[in-house]
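S.K.: no sequence on this one, just coordinates:
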């Protein structure tokens with residue numbers, strides 16, 4: 001299982017050296033491609049060779065570019081051949097409305113439940129109210145309890161003056177962490193032959209990642225909990241170490257039905273379980289993460 005995140009924040013030339021990524025700076029560092037899940041290019045003076053892009057496709061690596069604000073603004077996804085790609089597309093298009101609505105309700109319940117856990121771990125009020133929302137979610141979430149819960153949750157977590165559309169340090173950190181999760185989930189969907197643009201609930205014609213935006217929801221509180229621990233700097237900007245830590249959240253432990261594992265591994269299992277729903281199953285097959293803290297996953301051995 002790939003697990004490493006490579007963040008390059010200084011001028012560099014990156015190229016392929018046999019089975020490794022070579023990062024040429026003052027010294028040259030080598031990272032085996034098979035160990036890499038994500039590469040983030042976080043400086044304008046980084047050059048890379050075509051074989052690096054080819055290796056990213058070959059090894060299933062998500063490569064993120066960043067813009068003038070140093071936030072992810074693009075992602076290179078592997079164009080992995082899948083023996084039954086057309087079949088999966090048909091299954092996505094043919095998913096019955098009742099199953100789609102029940103699956104979305106399961107996602108919403110787990111998201112709100114994780115938001116409640118986040119408030120508890122952050123020692124904030126409002127846990128019982130969010131737990132009541134979880135019990136009230138019905139097929140398709142026709143009451144939009146997801147939206148009601150989110151409005152209440154963010155005020156509890158970040159204060160009564162907080163709004164998601166403000167240009168603040170907190171929102172910059174949230175957006176950065178969410179962008180990495182979103183791209184990583186899209187990578188997992190493509191690897192399993194699924195079309196990221198065909199969502200269960202999200203259905204915008206202008207969104208190439210509708211399905212990723214469905215599946216990301218229960219994972220968001222991982223980012224929320226971490227951002228709640230950060231201290232707003234006077235310059236109100238993310239530091240390089242903050243960005244590295246946000247990318248490192250892919251290695252945070254979560255609880256899954258099959259046991260404790262990294263968020264990266266949990267994404268893979270969630271995608272696999274979603275594929276089983278498309279392949280004739282129902283929402284009971286969906287495997288989603290439970291937030292347990294910010295402990296980094298320890299590799300055995």
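M.R.: Perfect, thanks for sending it. What you see is a predicted model; the values in this text were computed from it and never measured.

S.K.: which stretches in the stretch 101-250 of the chain count as helices?
M.R.: Along the stretch 101-250 of the chain, the segments classed as helices by DSSP state H, counting those that start in this stretch run 127-136, 145-158, 169-191, 210-215, 220-227, 240-247.

S.K.: can you find the helix or strand of this protein with the lowest average pLDDT?
M.R.: Lowest mean confidence among the helices and strands of the chain (mean pLDDT, DSSP states H and E): strand 72-76, at a mean of 79.

S.K.: summarise which helices and strands that strand is packed against.
M.R.: strand 62-66, helix 169-191 (3 or more CB pairs under 8 Å, 6 or more residues apart in numbering; DSSP states H and E). C-beta coordinates here come from the backbone N, C-alpha and C atoms, glycine included.

S.K.: for the ones you listed, give me TSV that also has mean pLDDT, distance to residue 111 and mean neighbour count.
M.R.: Listed next are the helices and strands packed on strand 72-76 as TSV, based on pLDDT from 0 to 100; distance: least, CB to CB, whole Å; neighbours: other CB atoms under 10 Å:
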stretch	mean pLDDT	distance to residue 111	mean neighbour count
strand 62-66	85	22	21
helix 169-191	91	13	22
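
S.K.: residue 8 reaches residue 41, doesn't it?
M.R.: Yes: with contact defined as CB atoms under 8 Å, residue 8 reaches residue 41; the gap is 5.8 Å.

S.K.: which of the two has more neighbours?
M.R.: Neighbours were counted for residue 8 and for residue 41 using other CB atoms under 10 Å; residue 41 has more, 21 against 18.

S.K.: and the gap between residue 12 and residue 20?
M.R.: Here residue 12 is placed at a distance of 15 Å from residue 20 (CB to CB, to the nearest Å).

S.K.: checking the closest residue to residue 28 other than its chain neighbours next. Helix, strand or coil?
M.R.: Of all residues not flanking residue 28 in the chain, residue 22 sits nearest, at 5.7 Å (CB to CB, 6 or more residues apart in numbering). Assigned state for residue 22: strand (three-state reduction, DSSP: H, G, I helix; E, B strand; the rest coil).

S.K.: got it, and the one 4 residues further on?
M.R.: Assigned by three-state DSSP, the conformation of residue 26 is coil.

S.K.: what's the local residue count around it?
M.R.: That count, for residue 26 with other CB under 10 Å as the rule, works out to 6.

S.K.: ramachandran coordinates for it?
M.R.: phi -60, psi -40 (degrees, to the nearest 10).

S.K.: the residue nearest to the spatial centre of the chain and residue 270: what is the separation?
M.R.: The residue lying closest to the centre of the chain (CA atoms, centre = their mean) is residue 181, at 1.7 Å. Note on residue 181: its distance to residue 270, by CB to CB, is 11 Å.

S.K.: repeat for residue 123
M.R.: 28 Å.

S.K.: got any ranges where the chain has weak pLDDT?
M.R.: The chain contains residues with pLDDT under 70 at 1-3, 69-70, 78-85, 299-301.

S.K.: domain assignment for it?
M.R.: The chain breaks down by automatic domain parsing into domains covering 4-76, 85-296.

S.K.: deepest of these, which one?
M.R.: domain 85-296 (a mean of 18; mean count of other CB atoms under 10 Å).

S.K.: right, and residue 257 touches residue 285 too?
M.R.: No: applying CB under 8 Å as the test, residue 257 and residue 285 come out as separate, 10.0 Å apart.
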